[in-house]
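[1] Kindly generate the corresponding structure for this input.
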Amino acid sequence: MTVAATSDEYSRLERYADQEALKTIEHDLLGLHILDPAMGSAHFLVAAGQLLTNFIVETLNMTEWVNSSISSDPLMWKRRVVERCLYGVDLNPLAHELAKLALWLSSASVGKPLTFLDHHLKVGNSLYGVPFNRLSMLPTTNNARKQDLFQEIREQTIRAVVEKLGGITGIDSDHIDDVKYKGEVNRSVIDFTQRLRDIAHVWLGTLFGLQNSNGQPLDEQEYQQLLEEVTRNYTTESWEMYVNSRYVLREARNLAAPEEKCFFHWELEFPDAVVDGRCQFDVIIANPPYVGTQPNKAIMSLFETAKCGDLYAWILEQALHFLDNRSRLGMIVPLSLMFSRSFTSLRKLLLSSDLHLGLSSYDNIPDGLFNGGKISDNTNKENSQRTTIVFAWATPGRTRVETTDLLRWRHEDRDVLFDRIHFADTTIFCSKENFPRIGNDLLASFWAKLKNTRRALSDLCIEVLSETQRPDPNAIFLTVPRATRYFISATPGPMSRNKVLSLVFRDKDDMDLARVILNSNIFYWYWRSFGDGFLLNVEVVSSLPVPDKPDCEYINLAARLDTVLEECTTYKMFRGERIPNYNFNRRMDILLDIDAWIIRHIAPDLNLPRDIFAQYKSNSFLRPLDLSATLGAEVEEISVVGE
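    The predicted model follows:
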């Protein structure tokens with residue numbers, strides 16, 4: 001016999017469920033550490049705080065009953081999220097102040113003081129910090145110690161300051177006295193960690209030429225003496241007296257100051273995020289600065305990607321060090337991550353770091369991620385930055401890379417852009433030289449077959465000449481304009497324009513085969529997948545795989561291109577001269593026949609749609625080209641022939 005629960009039992013169950021929900025929120029949600037290592041004015045942190053707040057409030061409102069003892073006031077939870085979960089760093093003091101202002105405005109509550117943010121939003125150079133586990137000896141010392149004698153004081157310091165920081169995160173900022181108290185706690189934490197901070201300044205300062213009072217580089221013996229002093233039981237005041245008596249410590253502080261190098265030692269600045277001796281964050285989000293610069297000695301010592309010569313590569317590497325097995329990273333970086341020679345070491349690092357990578361790539365025409373749309377159909381103004389969004393999380397013992405196509409879209413499609421993205425597993429195609437932009441599973445299979453051919457286009461050529469060279473006028477050659485958007489053309493003979501590649505051949509047969517392949521939609525797709533998506537270069541053209549044993553149909557296809565050359569010619573005025581362009585997209589029927597011929601030789605078993613490669617010439621992956629007239633005419637012709 002079933003007995004119904006009494007109202008008291010229901011009430012106890014409801015209270016139990018409420019308490020479990022609160023425990024989950026307190027431990028799992030308010031315990032999250034969310035970092036932006038280049039926060040600017042905190043746009044990403046504000047958005048992250050809002051998302052987390054929404055999730056907390058929605059969780060509390062999932063029950064069918066009302067509990068008056070548990071508040072679901074969004075502002076109350078927003079203030080807790082802002083104070084406990086969000087971490088940010090920026091080199092620019094003005095950006096730091098704007099970031100605080102943005103988070104204050106997003107969490108302001110009538111009758112309550114502004115939230116306390118100084119413990120988690122800081123001014124500093126994200127790149128100039130000492131890894132805690134390297135403090136036991138100078139970076140210039142070659143002999144590694146068997147035991148880290150400095151480990152115990154580091155661990156004791158972290159434990160002590162984390163306990164102190166509980167005074168900030170353990171209470172709400174409901175009254176001005178609460179905020180004042182938190183300020184006092186934060187200052188005491190800074191004072192307590194000052195000895196470690198000073199020795200870290202010395203360590204890093206040696207990479208900037210820090211010298212002792214004799215004008216000589218600091219040696220290991222002098223450094224070890226400083227380490228011994230750090231382990232002594234100094235008060236705050238007595239340590240300051242000691243610093244004032246030591247030239248090296250004073251100079252290190254000067255070098256580390258905000259107006260100089262602005263050192264930022266992560267484990268000391270964010271001790272409540274330290275796990276197993278290093279900072280670890282649950283979520284890392286950033287749009288780092290894209291600034292090319294020469295690496296100095298400090299960068300060369302601290303970063304495997306130093307030779308990339310760009311701030312975004314170093315910030316991405318730094319972020320990887322903050323991941324644990326549950327962390328998630330999301331970062332917007334330039335498209336150069338995917339193909340540029342300068343970023344070989346960054347791709348190598350990503351492939352060797354046991355990560356699951358999701359890489360979505362975005363063109364800048366007709367729309368770009370960082371603008372409000374094209375000004376007109378004939379300009380790319382305001383659309384200069386092409387980007388890749390990097391998602392990453394740890395997968396110990398294995399690496400997986402998923403990529404998208406190099407995506408184009410129209411401004412009016414922005415609201416649905418991210419809902420329609422498709423990734424393909426391209427792990428086996430990724431190398432330190434290139435991450436392909438392939439987001440179609442069928443075409444990943446096609447590429448697996450195509451890349452296994454034994455010949456490349458360079459095997460057909462005597463030479464491939466860059467734009468600084470021109471072939472002998474009597475030679476057999478093709479001219480290929482480098483500047484590319486929606487079509488690529490390869491035509492016999494010279495062309496009176498700059499920025500062209502010239503491919504020289506032994507005979508007309510080899511030229512015709514190359515010409516057919518280069519004018520195909522398949523080559524256009526290949527260039528979008530493996531080139532830079534802007535200009536053709538010698539490497540991309542030369543490395544294009546070609547069918548091993550082609551039948552003679554390519555001769556007829558080349559002849560068909562000849563017959564429509566005039567029909568497909570357009571002109572553009574340049575310095576008073578009419579410069580021809582050859583746009584064979586005007587005869588898509590021929591290009592589709594070329595694609596079909598190549599597919600027949602490479603992957604007849606894949607049953608690829610006839611227009612699959614042509615669709616990569618659309619100005620939006622969300623708006624397929626309308627090839628119904630061309631395809632319909634072909635179907636009609638086949639039907640007539642069949643009759």
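
[2] switch to C-alpha atoms for all contacts and neighbour counts from now on
    Fine.

[3] the domain parsing of the chain - what is it?
    30-141+148-273, 288-439, 451-642 (automatic domain parsing).

[4] tell me the mean pLDDT over the longest one?
    So the one you mean is domain 30-141+148-273. For domain 30-141+148-273, the mean pLDDT works out to 91.

[5] Burial check on Ile428, number of neighbours?
    When neighbours are counted by other CA atoms under 10 Å, Ile428 registers 10.

[6] what's the distance between it and Ala558?
    Note on Ile428: its distance to Ala558, by CA to CA, to the nearest Å, is 34 Å.

[7] same thing with Ala273?
    Relative to Ala558, and taking CA to CA, Ala273 is found at 64 Å.

[8] Repeat that for Arg482.
    From Arg482 to Ala558 the distance is 21 Å (CA to CA).

[9] now Leu45
    Between Leu45 and Ala558 the distance, using CA to CA, works out to 57 Å.

[10] Looking at these two, which is more packed in?
    Relative neighbour count places Leu45 above the other of Leu45 and Ala558, with 26 against 21, counting by other CA under 10 Å.

[11] what helix or strand is Phe435 on?
    Assigned by DSSP states H and E, Phe435 belongs to neither a helix nor a strand.

[12] Verify the stated contact: it with Leu335.
    No - applying CA atoms under 8 Å, one finds Phe435 not in contact with Leu335, separated by 10.4 Å.

[13] For Leu346, pull up the helix or strand it's in.
    Here Leu346 is assigned to helix 344-351, by DSSP H and E.

[14] Please work out which residues outside that helix touch it.
    304-305, 307-308, 313, 317, 337-338, 399, 431-435 (CA atoms under 8 Å, 6 or more residues apart in numbering).

[15] What pairs with the helix or strand hosting Tyr571, parallel or antiparallel?
    In this structure, Tyr571 sits in strand 569-574 according to DSSP H and E. Strand pairing for strand 569-574, using DSSP bridges, gives strand 577-582 (antiparallel).

[16] in whichever helix or strand comes after the strand it pairs with, what counts as buried?
    Going down the chain from strand 577-582, the next helix or strand is helix 588-602, by DSSP H and E. Residues of helix 588-602 classed as buried by neighbour count (16 or more other CA atoms under 10 Å): Met588, Asp589, Ile590, Leu591, Leu592, Ile594, Asp595, Ala596, Trp597, Ile598, Ile599, Ile602.

[17] Check the fourth one and give its pLDDT.
    On the pLDDT scale, Leu591 is placed at 97.

[18] Name all residues that make contact with it.
    Asn519, Ser520, Asn521, Phe584, Asn585.

[19] one more time with 6 Å
    For Leu591, the contacting residues are Ser520, by CA atoms under 6 Å, 6 or more residues apart in numbering.

[20] Val546: how many residues sit nearby?
    Val546 has 24 neighbours, counted by other CA under 10 Å.

[21] partners of it in the sheet?
    Arg455.

[22] quick one: it and Ala456 touch, right?
    Yes - if you go by CA atoms under 6 Å, Val546 and Ala456 touch, sitting 5.4 Å apart.

[23] So which bits of stretch 420-429 are buried?
    Phe423, Ala424, Asp425, Thr426, Thr427.

[24] Can you tell me which of the residues you listed lies closest to Ser41?
    Phe423 (31.5 Å; CA to CA).

[25] I'd say the closest one and Leu406 touch.
    No - contact criterion CA under 6 Å: Phe423 and Leu406 do not qualify, at 11.1 Å.

[26] Overlap of the contact sets of those two?
    Joint contacts of Phe423 and Leu406 (CA under 6 Å, 6+ apart) do not exist.

[27] Just give the nearest non-adjacent residue to Thr59, would you?
    What sits nearest to Thr59 in space, not counting adjacent residues and going by CA to CA, 6 or more residues apart in numbering, is Ala21, at 7.7 Å.
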